[in-house]
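Colleague: Provided below for reference: sequence and predicted model.
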Amino acid sequence: MRVNECYSVPDHVVAAVRRYDPALRLRWGRASHRMRLERQVARGMDPEGFRHDPDGFDMARQGYVLVTTFPPCEEAWARLQAYLWYGDVWRRGGAKAVDVELRAAEARDEARLAAAGSDENEGLAREMYRYLRAPRTLPEGAGAGSHFPGYDRPAGISMARGAR
C-alpha cells in the first residue's frame, strides 16, 4: 500500500491488520505525517470537533476513531502487532476483566509501597531509639562554642572571623 511518494506499507502488514480486525484501517496522516491506525465504529463522532485537525476531521466524517499513530518505519510494523495484541480488551476477557486486573495491580503496588514505607520508618525509629538511649559521656553544654563537642581549644586560638 503506497501512502505517498516516500513511504509505503508492506502488503503483509495490511493483510495482518485486516485479519486481526476487519474494521481496522491504516491511513497516512497528511497533517501529522505519521501512519494512523483507525477503527470503524457504529456510532461516529461529530466531525465539527475536529475542525482544527484535518486528519481527525476526515476520520470522524468517515465514521472511524483513532487507535494509534506511529512513524512509517520498518520497526513500527513489528511493534504494531504487539501493540494491538496487548491492548486488545476482548482478548483479555472484556472490560470487566481488565478492570479487575488493573485494580488488583494497583492494590499490589499500594501494598508494596506501604511495606517499603513502613520498613523505612521502622529503620529510622530503631536508629532514633538507639541514639536517644545511648549513654552520654559529656554533661549537657560541655564543649559549648566548639564545632566538635568535647573538644577543648588550645589557649590562644580564637574562632572569631579574621583572628589568627
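Modeller: Cool, got the structure.
Colleague: A helix includes residue 135, no?
Modeller: No: the assignment for residue 135, made by DSSP: H, G, I helix; E, B strand; the rest coil, is coil rather than a helix.
Colleague: number of residues surrounding it?
Modeller: Neighbourhood size, residue 135 [other CB atoms under 10 Å]: 4. No exception for glycine: its C-beta is placed from N, CA and C like everyone else's.
Colleague: ditto for residue 35
Modeller: Around residue 35 there are 22 residues (other CB under 10 Å).
Colleague: so where's the chain shaky on pLDDT?
Modeller: 1-6, 44-49, 51, 117, 136-164 (pLDDT under 70).
Colleague: give me that answer again for 80
Modeller: For the chain, the stretches with pLDDT under 80 are 1-10, 42-58, 60-61, 72-78, 81, 85-93, 114-121, 134-164.
Colleague: where along it do the helices fall?
Modeller: Listed in chain order, the helices found in the chain under DSSP state H are 11-20, 54-61, 74-87, 95-133.
Colleague: any chance of these in CSV, with mean neighbour count and distance to residue 37 too?
Modeller: Shown next, in CSV, are those (neighbours: other CB atoms under 10 Å; distance: least, CB to CB, whole Å):
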stretch, mean neighbour count, distance to residue 37
helix 11-20, 13, 7
helix 54-61, 18, 11
helix 74-87, 13, 7
helix 95-133, 10, 20
